[in-house]
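Chemist: Predicted structure and sequence below. I'll ask about it afterward.
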Amino acid sequence: MSDEIHFPSGFTMKDLVAYGNTALVLLDRSTDTVVKASPDGEPSDATAVEQQIYERFVQRGGHKGILIYHGTFEWGIRLEHASYGNIRSYLEYHPADELRRIRWAFQVAEALAFAHQCGVIHRDINGFNVLLDRCLDAKLADFAGSSLDGSPLLIGVTASHEYPGPLLYTEADIFALGSTLYKLMNESRPYAGLSDTAIKERYKRGEFAETESLGFVGRIIKKCWQGEYKECTQVVRDLEGNIFLPPEQRSSTNLVIQPGLRLSPTPATSSASGDCAETRGSPAGMLYSPTEI
């Protein structure tokens, strides 16, 4: 990679809102979208895979929990702008109550389940790759290192999120989802004080961080780590089944939701162009807006 940074046409350093190992993320204020592109000024393998993945999502109807894809721009891709940035950085400066965090957990799990149904293994699920839109809804993002239909994974992950087994399986993503939910609910990653080697050794022995203090979400996290979920839709059902219940009735196996309510569909319509009143004005436990059955 060259030390010189190449910007797509019309963009400069002042438009930079995020960057990673393989790409710059640049804000197009005129359209309130972002362009994600390699700093080399030419297409990269990671960008090519991410483009194919977003095109697959579009073919399958899209999902509210994944950024809207607006096509290519020069050697990059154009995406919906999640104006509140990544969830990990957001929580460093903004309070969020337990029910809002649970709602985010549901939204991320639902988006991951959709990705799996599209033949995508994310590989790098963590708080930096969960973004918040203007309505504070969670969006699963950054598929640059992901696998499509069994293609090679292009990125490594932090030890606290790494599955101690084959990585090209949904179980690996579900394991990382468990660690992401742990950080979301606990504000600390699993085994934060240990070295990567020590964490990996514990995981290989089936030893995981304590989760009982996190309530029903903690029990779901434990099941993610122990490989009890084979599909992410199972995680979604367990989360959904507990959210509308009083705390004393919540468990990781109860799948009953409050009578008279169901979750609204999650089409790929941008919340950025809509009214956020449903999200901010609804009871904190609501996931999107309640709809009468």
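Modeler: Yep, that arrived.
Chemist: What's the local residue count around residue 68?
Modeler: 23 (other CB atoms under 10 Å). Glycine gets a C-beta too; all of them are placed from N, C-alpha and C.
Chemist: can I assume it is in contact with residue 80?
Modeler: Yes: using CB atoms under 8 Å, residue 68 is in contact with residue 80, at 4.0 Å.
Chemist: Quick one: mean pLDDT over stretch 84-92.
Modeler: Taken as a whole, stretch 84-92 has an average pLDDT of 96.
Chemist: Likewise for stretch 218-228?
Modeler: Averaged across stretch 218-228, pLDDT comes to 97.
Chemist: Same check on stretch 34-48?
Modeler: Averaged across stretch 34-48, the pLDDT comes to 93.
Chemist: what comes up buried for that stretch?
Modeler: Applying a neighbour-count criterion of 16 or more other CB atoms under 10 Å, the buried positions in stretch 34-48 are 34, 35, 36, 37, 38, 39, 40, 44, 46, 47.
Chemist: List the ones among these that fall in strands.
Modeler: In this view, the buried residues of stretch 34-48 that belong to strands under DSSP state E are 34, 35, 36, 37.
Chemist: beta partners for the closest residue to the last one other than its chain neighbours?
Modeler: Yep, that's residue 37 we're talking about. Distances taken as CB to CB, 6 or more residues apart in numbering place residue 76 nearest to residue 37, at 2.7 Å, with adjacent residues excluded. In this structure, residue 76 has beta-bridge partners residue 73, where bridges are defined by DSSP bridges.
Chemist: show me what contacts residue 76?
Modeler: Contacts for residue 76 (CB atoms under 8 Å, 6 or more residues apart in numbering) come out as 8, 23, 35, 36, 37, 38, 47.
Chemist: close enough to count as contact, the second one and residue 48?
Modeler: No: counting by CB under 8 Å, residue 23 stays clear of residue 48, with 11.9 Å between them.
Chemist: Cross-check the contact I'm expecting between residue 218 and residue 212.
Modeler: Yes: with the criterion set as CB under 8 Å, residue 218 and residue 212 qualify as a contacting pair; they are 5.6 Å apart.
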